[in-house]
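> What shape does this take:
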Amino acid sequence: MGAYEDVFRASVEDREGFWLRAAEALDWHKAPTRALDDSNPPFYRWFPDGEINVAHNALDRHVEAGRGEQAALIYDSPVTDTKRTYTYAQLRDEVATFAGVLRELGVGPGDRVVIYMPMVPEAAIAMLACARLGAVHSVVFGGFAAKELAVRIDDAAPKVVVSASCGIEGKRVIEYKPLLDKALELSAHKPDKQVILQRPQAEAAMGDNDVDWADAVGKASPADPVPVKSTDPLYVLYTSGTTGKPKGVVRDGGGYATALAWSMPNVYDVSAGQTIFTASDVGWVVGHSYIVYAPLLAGATTVLYEGKPVGTPDAGQFWRVMSEYGVRSMFTAPTAFRALKKEDPNGEYARKYDLSGLKYLFLAGERLDPETYRWASELLDIPVIDHWWQTETGWPIVANPAGIELLEIKPGSPTRPLPGWDIQILDTDGRPVPAGEDGAIVAKLPLPPGAFPTLWNDDERFVQSYMSAFEGYYLTGDGGRIDSDGYVFVMGRTDDVINVAGHRLSTGGMEEVLASHPDVAECAVIGVADQMKGQIPRGFVVLKAGVDASAEGYEDKLRAELVQMVRDQVGAVASLKEVAVVPALPKTRSGKILRKTMRGIADGADEPVPSTIESVDVLEALRPVLRKD
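This is a model prediction of the structure:
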């Protein structure tokens, strides 16, 4: 029996003992004597009698252990040509001082602070400063529309908003202050103050309620960490793509810190003194967990990168960062690697840099198609690890546990469930399906530490949205299967399963086929309404850079090849007859393709533009193709 099997079995047979041992990696103000309060399902609470401060564990603990001079956070911003390194001692001092600023503004334990910031170190400093005070932060992706920001301000009811004068998206400077001012006009809740970080790319006009970051920091006295209950909220993070009242995912402090500290060496194989580069944004769960909290809890070095995978200025920036800082594990979204593959199909930029220190590439956020997996693994010749998790879970559900035992990689699968996760596949009646058959992916309750205990101020919606479909299970919203070896295959959101003439088909399976064509960089398949068959699939493909699509007859030939490939590999029942070549696919800022929006437009619905969209222009350019105007 392998090491993974031993660890997983221990987490099942002695769940409380397993997680109490994991919690010993942290400093507790009051150490927990019990792991789980299961008296009120589905509202489970981890380490209910423990008291902790997460910021102390992320910073002070390492300084006190003698590693104050080690690099904690490296800021690398090709869009501003800026690089800055903070040691653990420096970062602790910056965080303590900004916590002093917030304290002076009346922020204390349990108060909320909304953070609306670009990818700058001050965003992480503000998050950790809230944690230091026992306050609850809610990070809203910088540049979000004023209306969406207003909705989140009303829901979180913050005492203070922390923002910046501007952010930089690719080559564009986006002024944040006018967006924030408009949001505050629209919101019913009015914060006491706004702290504004002035950036030279676009300085903001300050109002009566605005506080200059630099001025406030210059006058502040540092604040000590405030111990709070393990079960108290550390942050609220709103799920992407919500309409109306947003869903605020609550994260507790003690359970989250325990799970993250466990995951760093065991999943990512990164320990104290080693470097992880997570190319995401602090506005998303990936940024919360693996740019800010987990690396610092583990005593590792984290890279905070302000830029894109391509275009800032070229497709070589990820490789440069990895080479320059001796990155051991990299983590990003598959869409970032599809962008690299499209821009640089032969991987010529990667060959310019010394990547000998890179041991693993982790991808998550959207399904990793086998073709992108093959491209990355052949280019880098290291394990490329697909892993699957969600905003709600806070850390991976299914992954190849590199630090325990590197299991066989099966392209298309994020491997096997991690300790603490009892993953099952159920049919519509809630019955387990045989190995290899598709169904709804669920997790048996209780969820492990780190997963959300509820939604912000909305227990009823928590139960209704996630816990009521199958009693005793968390509904992930994803569909897929588990094979006879226990490998999980996530085929996409359950609403990405289409019904063609009574046959339930996964659009993910068809996308897998389209993506395997040598000219295709990325693709999407959606199901659109059809009078005869209920639904029929339509495909959309983006071509790799360098493909000459203008050659006479090329597009017709490509379409015919793609349709035939799906027919051969999925079957004639798939009825895929339409494939459009498009310049780009509409995505969220976190890299998810907006399939639901595309489907709504194709079906003739007046589909609203999602608040999380990366580029409205891409969607607008696609509308006539979707509607067949």
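> can you pull out the strands in the stretch 201-350 of the chain?
In the stretch 201-350 of the chain, the strands defined using DSSP state E, counting those that start in this stretch lie at 210-212, 228-229, 233-238, 248-252, 275-278, 301-305, 329-332.
> can you put the ones you listed in JSON lines and add mean pLDDT, mean neighbour count and distance to Ala126?
The C-beta positions use only the backbone N, C-alpha and C, and glycine is treated the same way. Formatted as JSON lines, the strands of the stretch 201-350 of the chain follow (pLDDT from 0 to 100; neighbours: other CB atoms under 10 Å; distance: least, CB to CB, whole Å):
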{"stretch": "strand 210-212", "mean pLDDT": "98", "mean neighbour count": "16", "distance to Ala126": "13"}
{"stretch": "strand 228-229", "mean pLDDT": "98", "mean neighbour count": "22", "distance to Ala126": "18"}
{"stretch": "strand 233-238", "mean pLDDT": "97", "mean neighbour count": "26", "distance to Ala126": "11"}
{"stretch": "strand 248-252", "mean pLDDT": "97", "mean neighbour count": "24", "distance to Ala126": "16"}
{"stretch": "strand 275-278", "mean pLDDT": "98", "mean neighbour count": "24", "distance to Ala126": "18"}
{"stretch": "strand 301-305", "mean pLDDT": "98", "mean neighbour count": "25", "distance to Ala126": "13"}
{"stretch": "strand 329-332", "mean pLDDT": "97", "mean neighbour count": "25", "distance to Ala126": "22"}
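> With distance to Ala440 added, can I get these in CSV?
Converted to CSV, the strands of the stretch 201-350 of the chain look like this (distance: least, CB to CB, whole Å):
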stretch, distance to Ala440
strand 210-212, 48
strand 228-229, 34
strand 233-238, 24
strand 248-252, 20
strand 275-278, 29
strand 301-305, 35
strand 329-332, 27
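> Which one of these lies nearest to Tyr293?
With CB to CB as the criterion, Tyr293 lies closest to strand 233-238 of the strands of the stretch 201-350 of the chain, at 8.5 Å.
> CA-only coordinates of the closest one, as CSV, when you get a sec.
Provided in CSV are the C-alpha atoms of strand 233-238 (Å, rounded to 0.1, in the frame of the first residue of the first chain):
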residue,chain,number,x,y,z
PRO,A,233,-14.8,34.5,10.0
LEU,A,234,-11.4,35.4,8.5
TYR,A,235,-12.9,36.7,5.2
VAL,A,236,-15.9,36.8,3.0
LEU,A,237,-15.3,36.1,-0.7
TYR,A,238,-18.1,36.6,-3.2
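> Show me how far stretch 349-365 is from its chain's centre.
Stretch 349-365 has its average C-alpha position 19 Å from the chain's average C-alpha position, going by CA atoms, centre = their mean, to the nearest Å.
> Please shift the residue numbers so they start at 322 in all later answers.
Will do, 322 is the new start, and the previous item becomes stretch 670-686.
> Counting neighbours, which bits of it end up buried?
For stretch 670-686, a neighbour-count test (16 or more other CB atoms under 10 Å) marks 670-671, 674, 676, 679-686 as buried.
> between these, which is closest to Ala343?
Nearest member of the buried residues of stretch 670-686 to Ala343, counting by CB to CB, is Phe683, at 20.5 Å.
> Outline the domain layout of this structure.
Following automatic domain parsing, the chain resolves into domains at 409-547, 822-948.
> Please work out which of those domains is packed deepest.
Of those, the one with the most neighbours on average (mean count of other CB atoms under 10 Å) is domain 409-547, at a mean of 21.
> for that one, how far is the first residue from the last?
One end of domain 409-547 sits 19 Å from the other (CA to CA, to the nearest Å).
> same thing with stretch 663-671?
Start-to-end, stretch 663-671 (CA to CA) is 14 Å.
> just stretch 455-462 next, same as before
Start-to-end, stretch 455-462 (CA to CA) is 22 Å.
> I'd like to know which of the strands of the stretch 522-671 of the chain is closest to Arg336.
Going by CB to CB, the one of the strands of the stretch 522-671 of the chain nearest Arg336 is strand 569-573, 17.0 Å.
> That closest one - contacts with which helices or strands?
Using 3 or more CB pairs under 8 Å, 6 or more residues apart in numbering; DSSP states H and E, the elements in contact with strand 569-573 are helix 467-477, strand 554-559.
> returning to that earlier point: wait, which of the domains of the chain is closest to Leu766?
domain 409-547 (24.6 Å).
> quick one: low-confidence ranges for the stretch 322-471 of the chain?
322-323 (pLDDT under 70).
> coming back round to it: which of the strands of the stretch 522-671 of the chain sits closest to Tyr409?
strand 622-626 (9.4 Å).
> Just checking: what are the partner strands of that closest one?
strand 392-398 (parallel), strand 596-599 (parallel) (DSSP bridges).
> List just the nearest of the buried residues of stretch 670-686 to Arg641.
Arg641 has its nearest neighbour among the buried residues of stretch 670-686 in Tyr674, at 6.1 Å by CB to CB.
> Check whether that closest one really touches Phe639, as I assumed.
No: if you go by CB atoms under 8 Å, Tyr674 and Phe639 don't touch, sitting 9.4 Å apart.
> ok so, going back, which one, of the helices and strands packed on strand 569-573, ends up nearest to Asp348?
Closest of the helices and strands packed on strand 569-573 to Asp348 is strand 554-559, at 15.6 Å (criterion: CB to CB).
> Save the strands paired with strand 622-626 as TSV, and put in distance to Phe791 too.
TSV is the format used below for those (distance: least, CB to CB, whole Å):
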stretch	distance to Phe791
strand 392-398	41
strand 596-599	33
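> how about those, which one is nearest Pro521?
Proximity to Pro521 (CB to CB) singles out strand 392-398 among the strands paired with strand 622-626, at 12.3 Å.
> Extract the residue ranges of the chain that are flagged as low pLDDT.
322-323, 561-565, 815-825, 827, 852-854, 892-894, 950.
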